[in-house]
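Visitor: show me the folded form of this:
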Amino acid sequence: MCDETVKKYCRRFVIGDIHGCYYTLERLLMQKLRISKMDELYFVGDFIDRGPKSKEVIDLLLSLKEEGFSINPVMGNHESLLISHYYGTEIKDWKRNGCDATFRSFGINSIYELENKYLEFFLNLPYYIELEDFIICHAGMNFDEPNPFEEHFSMLWTRDDFVDLKKTGGRRLICGHTPHTLEQIQLSLNSNKIQLDCGCVYLGRHPGVGFLCALELKSMELHYEQNCE
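Guide: The predicted model follows:
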């Protein structure tokens, strides 16, 4: 985190769903954003599945953290599926959500072959991060609940865009999960639920998507990199 002496130079980036798009992430961080150790980096989850290099994505995050970068990820539904698969309590079908690409990337045939350092990374992901003005979670929150912070399923899976600011302490949500076009993401910057998933892994499959997005919270400037896998 930024201390007071460097706070005015500190940038805060929130980065959308990566889904194994390692080269795109590296280019976004190193070439487009030119990150430094004074920056704070937040991630909305879904690091794995579908794209070709899930292992490389996690390796990059782990190595950056080891080097002293501020790396702050939350859990996505795909990480939750991996954990559920590991414990044999899977509710939804990980197979149809792209786990084969993750197995290939890690070079494993069984989830039980996953190295402990990766398993620990997934197990230690929080469901949400609270900042002064924002709450970062993967999908959203269930505001029908008396305390939506205690209901984790919706944080991973909801498509509902409603935000009850009274229950968030006036803070807006920043989420991924549901792919949006760049135009839709730009429009969401003024809403109570900011969308950051631009369907990076879906380049060429749907119009308007195929970008990895990063939002700088001080300037509210949206940065993005087209899928280069």
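Visitor: for the closest residue to residue 28 other than its chain neighbours, what are its contacts?
Guide: Closest residue to residue 28 apart from its sequence neighbours, by Cβ to Cβ, 6 or more residues apart in numbering: residue 225 at 4.1 Å. Quick note: C-beta positions are derived from backbone N, CA and C, even for glycine. Residues near residue 225 by Cβ atoms under 8 Å, 6 or more residues apart in numbering: 24, 27-28, 32, 211-212.
Visitor: could these go into JSON lines alongside secondary structure?
Guide: Formatted as JSON lines, those follow (DSSP: H, G, I helix; E, B strand; the rest coil):
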{"residue": "24", "secondary structure": "helix"}
{"residue": "27", "secondary structure": "helix"}
{"residue": "28", "secondary structure": "helix"}
{"residue": "32", "secondary structure": "helix"}
{"residue": "211", "secondary structure": "strand"}
{"residue": "212", "secondary structure": "strand"}
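Visitor: mark which of those are buried, thanks.
Guide: For the contacts of residue 225, a neighbour count by 16 or more other Cβ atoms under 10 Å gives the buried set as 24, 27-28, 211-212.
Visitor: thought residue 151 was touching residue 145?
Guide: Yes: between residue 151 and residue 145 there is a contact at 4.6 Å, judged by Cβ atoms under 8 Å.
Visitor: what about the two, which has more around it?
Guide: With neighbours defined as other Cβ atoms under 10 Å, residue 151 and residue 145 compare such that residue 151 has more, 16 against 13.
Visitor: list the buried residues in the helix ranked longest in the chain.
Guide: Using DSSP state H to define each element, the chain has its longest helix at helix 54-66. Going by neighbour count (16+ other Cβ under 10 Å), the buried part of helix 54-66 is 54-58, 60-61, 64.
Visitor: tell me the one of the residues you listed nearest residue 171?
Guide: Nearest to residue 171 among the buried residues of helix 54-66: residue 61, at 24.7 Å, using Cβ to Cβ.
Visitor: name the nearest residue to that closest one, ignoring sequence neighbours.
Guide: Leaving aside its sequence neighbours, residue 61 sits nearest to residue 71 (Cβ to Cβ, 6+ apart; 5.4 Å).
Visitor: model confidence for that neighbour, exactly?
Guide: Residue 71 carries a pLDDT value of 98.
Visitor: hmm, back to that, identify, from the buried ones among the contacts of residue 225, the entry nearest to residue 184.
Guide: Residue 184 has its nearest neighbour among the buried ones among the contacts of residue 225 in residue 211, at 11.7 Å by Cβ to Cβ.
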